[in-house]
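K.L.:
Here is a sequence together with a model predicted from it:
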Amino acid sequence: MADTTRKFKNALLSSDPDAADAISEEYLASKTALDFAEEVVVKALDEIGDGWQKGEYALSQVYMSGRICEDLIDKVLPDESGLRKGKPKIALALLNDYHALGKRIVYAVLRAGGFQLIDYGRVEAEDLVTRVIEDKVEILLISVLMLSSALQVKEIVSNLKNAGHKVNIVVGGAPFRLDRKLWQEVGADAVGYTAADALHIVHSLEGGNRND
């Protein structure tokens, strides 16, 4: 298992979708698509994301890794697959900022974990509240780059509460890594520091638990 993950990770870092596809086909000869997603894709992406934060990998490598994995997951675990989870209803948003790399990796990891989710892309706070209510989202993941955006989460939490919409809010991004108490100050239900954290948190919230 560890050797497969290592090979897959190297294929991603080399931006080699054909090699990644070959590894997936070999793995799927004896395992399920969900096993491949959780045991190989999620672990490889998490290691790459962690390596980027440590300065070991280039931004382009992280970006291409996410793109390759998104395409591969769509192939082996399509939306119509009976293995993909449609519940709880999950949405992912980039609040105000334009740097979508972190969101892209979280999206790929959650998709690899078997979840369906709505990708709102870049969105303003007011529009996000409206869309979450309209779509009846149950778990909302918010990615931010700037402190000003992170502080707007408090307003989003308040507006959703005043509207009577119950939703678990998970936050992530640079401001929350720098200030490990900030997520509590803005009223979020959980914080994730890596893409793998996001998957674990969603699994936890899926079972009705709160991450603290």
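P.N.:
Sure, I can see it.
K.L.:
Now name the helix or strand holding Asp119.
P.N.:
strand 115-123 (DSSP states H and E).
K.L.:
which helices and strands does the helix or strand just after that strand pack with?
P.N.:
Of the helices and strands lying after strand 115-123 in sequence (DSSP H and E), the nearest is helix 125-135. Contact here means 3 or more C-beta pairs under 8 Å, 6 or more residues apart in numbering; DSSP states H and E; on that basis helix 125-135 packs against strand 85-95, strand 115-123, strand 139-144, helix 147-162. To be clear about C-beta, it is placed using only N, CA and C from the backbone, and glycine gets the same treatment.
K.L.:
Please identify the buried residues of the strand or helix carrying Leu45?
P.N.:
Applying DSSP H and E as the criterion places Leu45 in helix 42-53. Buried residues in helix 42-53, defined by neighbour count with 16 or more other C-beta atoms under 10 Å: Val42, Lys43, Ala44, Leu45, Asp46, Glu47, Ile48, Gly49, Trp52.
K.L.:
and the strand holding Asp119 with helix 125-135, angle?
P.N.:
Per axes from the mean of the first three to the mean of the last three C-alpha atoms, to 10 degrees, the angle that strand 115-123 makes with helix 125-135 is 150 degrees.
K.L.:
by how many degrees do strand 115-123 and strand 139-144 diverge?
P.N.:
40 degrees.
K.L.:
send the alpha carbons of strand 115-123 over as CSV?
P.N.:
The C-alpha trace of strand 115-123 is given here as CSV (Å, rounded to 0.1, in the frame of the first residue of the first chain):
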residue,chain,number,x,y,z
PHE,A,115,-18.4,12.8,-1.3
GLN,A,116,-20.5,14.8,-3.8
LEU,A,117,-20.2,18.6,-3.2
ILE,A,118,-21.0,21.9,-4.6
ASP,A,119,-18.1,24.1,-5.6
TYR,A,120,-19.1,27.8,-5.3
GLY,A,121,-15.8,29.0,-6.4
ARG,A,122,-14.9,32.6,-5.4
VAL,A,123,-17.8,34.2,-3.6
